[in-house]
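Student: Got a predicted structure here, sequence first:
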There are 2 protein chains.
Amino acid sequence: MRLSRYFLPVLKETPAEAQIASHRLMLRAGMIKQASAGIYSWLPLGLKVMRRIEAIVHEEQARAGHVPILMPTLQSSDLWRETGRYDAFGEEMLRITDRGGREMLYTPTAEELVTDIFRANVSSYRDLPLTLYQIQWKFRDEIRPRFGVMRGREFLMKDGYNFDLTEADAMHAYNRHLVSYLRTYERMGLQAIPMRADSGAIGGDNTHEFLVLAETGESEVFYDSAVTELTFGDREIDYDDMAQCQGVLEEFTTRYARTDETHDQAKFEAQVPEERRRSARGIEVGQIFYFGTKYSEPMGATVQGPDGKPVPVHMGSHGIGVSRLVGAIIEASHDEKGIIWPEGVTPFHAGIVNLRQGDPSTDSACEGIYKQLAVEGLEALYDDRAERAGAKFATMDLIGLPWRITVGPRGLANGKIELTSRRTGESEEMAPEAAIARLKDVYGCAAT
Amino acid sequence: MRLSRYFLPVLKETPAEAQIASHRLMLRAGMIKQASAGIYSWLPLGLKVMRRIEAIVHEEQARAGHVPILMPTLQSSDLWRETGRYDAFGEEMLRITDRGGREMLYTPTAEELVTDIFRANVSSYRDLPLTLYQIQWKFRDEIRPRFGVMRGREFLMKDGYNFDLTEADAMHAYNRHLVSYLRTYERMGLQAIPMRADSGAIGGDNTHEFLVLAETGESEVFYDSAVTELTFGDREIDYDDMAQCQGVLEEFTTRYARTDETHDQAKFEAQVPEERRRSARGIEVGQIFYFGTKYSEPMGATVQGPDGKPVPVHMGSHGIGVSRLVGAIIEASHDEKGIIWPEGVTPFHAGIVNLRQGDPSTDSACEGIYKQLAVEGLEALYDDRAERAGAKFATMDLIGLPWRITVGPRGLANGKIELTSRRTGESEEMAPEAAIARLKDVYGCAAT
């Protein structure tokens, strides 16, 4: 993308209303614009990051064998009355009356609707296991929306629902989600720690939240510092292998790690040696639940079991905060100059800064690099504006592309450009071909 | 995708409530399920087609130089009061009161919000031309929703908005959209004819609707039969070339073609020789508008012109009915057995039918073909269920994949499988490698 043809309205001033880094930086980098309280328009740069996050979620869900659907944002209240949640949910649910006087709502979650899809179409245990998921907009009418997309009212969420014949099968689905979430967050450059949590309005006893440690997190968390040393890495996983998935769950959840809702100080002290006890703040970026037959029983979502008798299915639901993750990643990865995108979610793979726009030799070198990167499957943002170098560097630092290629007349006279890492700030002079080869290597299979 | 692991709830019965072919077939093929009146859940097969359509729209928008953003589904009424449309829009606009008592609405279109984004961020003519677009859910509270996704209440739409310094520039944006829409529809296997139309709630005098001729269309249309012979084809286009885009507009819109709203019988008879006069029904799948300063003036969306003086920008808006297109394509392409997807939007590139599931030789041949297709970038739906052949064929015909590979023990003894075209019904015996080569050829660059 050529910046002269893009829409990147960066702000010079720090917006007064933004209290935390991600909110400030998303506004300054021209990623979002507030439309009304807790509701945002996603400008091109912000949307691009969100789409990268969505793509990772979709890929990891497919790998786990989960099937994508898309449910509407508005639902009738009828289904919610079947489970009693229409009255129970409280004021965070946005209630709407349509022109025909029907009671509708903007969905904050979709257990009822997906259970209705299931009961209308599945009747035999032979069609199980089944996990359906979607990435769709949700609405929660927060009384005090704040922190930008971190606590917005309209937000994009991945929500998945498993349907299984037995509790054991449903717990495997739970474990499968845990494993796929670990992979998902790591691909985004995040360490998200599964912690025992409270189930809130969804219900059930088994639930883990995934938390990214950050000073601005809304939850207080208590954990054994050993959990921060665990990584999933690139190990092979067979999502049909119940023992293997169970093993990963045990590895990642046996040590003490809880949000304040479920924290037990006595247990904490008994289980964790003092030097490994930590308390900190965390940002919730996902949650998994097993709640058994809480929805299938009242809604009559049964299948015929192997013995011919009807059995209510065992269910769980599993969420990832997609739009919130854009903010969470920034909270975890920024400095005083701006955002530092992890390679997995960066909106552009590299930035190209032309130090002397209009000079035939720098222009043609930039064009050549820009086009060759595209051929290699790498997308660059080429700052082709007639701006001074300082302004171009400041913009690139602010928007946080992990790699910058700087092209100036002096280096070019020796056949060299400069490749700079946003994270380390280190620059290296090299031939354009070498820089392209380096970037191909950095992005590896993700870009090809 | 292996069918045993997919969620494809096909119906044997024809649903009584469905009056038109696309609605019937989408329900029977397990593509959608009604959630409430005029509101649908998209099941895996339906969602996959919609995503293919979205991808084509995004690609063609990028080619035309338009920049994607994403605006929220809920908006405050404030902006709509600035243009007077909050009162003018009528009952199709779903009005909502949030818990703080604020008047909100579920956006039926987004001229006001995008103009607000523009005025907050763009101040110089040097940043023009600019076209921002999104693919986002909209809501229109139809009094009588019907025909499935063809006239639903919650629907997915591409809406784009151009901002230009002069009327001439804005008319170039209009022409650019016309050209890109012609390409977009043709890639979906549709002939969508631009016809002079009425501008309704959007406003302005210049507007064309794109109509697909079909008996079930909601609009009566009148046209010179010569317009049905025009195709855009694979000609090269430079979207910056004003004369070239204007030439395409003239080629496609000079001959008489109008919806009943703007039909003029006297002109029709004067301009079109009797033997070429046609009246028929059409499905609206898109519309482009030029409305000048209708929104920029009341909202104060001005830029500093070359002479330093503020000028209200000239705008237009441009829509494609993304979810509706799924139905429109089916209306244009089906037979008594089911859907016939054009290659450009098919949910899977081919179906694989194993005539003797459980037989080691057919199983292994099917697996091999399935995996090799994936290597070539082609996605197959492999019917690996223990069903009889007749049921498998009926499902494949119903869901309409353009190509079917049938693997049976008899053919396999001679190293042959059968490749069948859904459109012509013709089958040909050949080696598996030959079938894969044929499919690679059919899908060409689209799949690689």
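Tutor: Received the coordinates, thanks. The structure presented is a predicted model; accordingly, all values stated were derived computationally and were not measured.
Student: Tell me which residues touch whichever residue of the stretch 101-250 of chain A sits closest to chain B, please.
Tutor: The nearest approach of the stretch 101-250 of chain A to chain B comes at A:N121, 3.6 Å away (C-beta to the nearest C-beta). Every C-beta, even on glycine, is put in place using the N, C-alpha and C of the backbone. Residues in contact with A:N121 (C-beta atoms under 8 Å, 6 or more residues apart in numbering or on different chains) are B:7, B:9, B:30, B:33.
Student: redo that, cut-off 7 Å
Tutor: In this structure, A:N121 makes contact with B:P9, judged by C-beta atoms under 7 Å, 6 or more residues apart in numbering or on different chains.
Student: got the residue ranges for the strands in the stretch 51-200 of chain A?
Tutor: Listed in chain order, the strands found in the stretch 51-200 of chain A under DSSP state E, counting those that start in this stretch are A:67-68, A:74-76, A:94-97, A:103-106, A:130-139, A:154-164, A:192-196.
Student: how far is the fifth one from where the chain is centred?
Tutor: If I follow you right, that is strand A:130-139. When C-alpha coordinates are averaged (C-alpha atoms, centre = their mean, to the nearest Å), strand A:130-139 and its chain have centres 14 Å apart.
Student: Next, the angle from that strand to strand A:154-164.
Tutor: Note on geometry: by axes from the mean of the first three to the mean of the last three C-alpha atoms, to 10 degrees, strand A:130-139 and strand A:154-164 are set 160 degrees apart in direction.
Student: For strand A:130-139, which outside residues touch it?
Tutor: For strand A:130-139, the external contacting residues (C-beta under 7 Å, 6+ apart) are A:54, A:57, A:61, A:66-71, A:73, A:94, A:106-109, A:114, A:122, A:153-163, A:173, A:322, B:7, B:73-74.
Student: if I look at the residue of the stretch 101-250 of chain A closest to chain B, how far off is A:V221?
Tutor: Note on A:N121: its distance to A:V221, by C-beta to C-beta, to the nearest Å, is 40 Å.
Student: now A:F155
Tutor: According to C-beta to C-beta, A:F155 and A:V221 sit 22 Å apart.
Student: wouldn't A:L79 be in contact with A:I117 here?
Tutor: No - proximity of A:L79 to A:I117 does not meet the contact threshold set by C-beta atoms under 7 Å, at 10.4 Å.
Student: Where do the helices of the stretch 1-150 of chain A begin and end?
Tutor: Here the stretch 1-150 of chain A has its helices, by DSSP state H, counting those that start in this stretch, at A:21-28, A:44-63, A:77-82, A:85-88, A:111-121.
Student: among those helices, which is nearest A:D127?
Tutor: Proximity of the helices of the stretch 1-150 of chain A to A:D127 was assessed by C-beta to C-beta; the nearest stretch is helix A:111-121, lying at 8.6 Å.
Student: Which helix or strand in chain A has the lowest average pLDDT?
Tutor: Least confident element among the helices and strands of chain A, by mean pLDDT, DSSP states H and E: helix A:85-88 (a mean of 92).
Student: And for it, what's in contact with it?
Tutor: In contact with helix A:85-88 (C-beta under 7 Å, 6+ apart) are residues A:77, A:80, A:112.
Student: how far out from the middle of the chain is that helix?
Tutor: Taking C-alpha atoms, centre = their mean, one finds helix A:85-88 lying 28 Å from the centre of the chain it belongs to.
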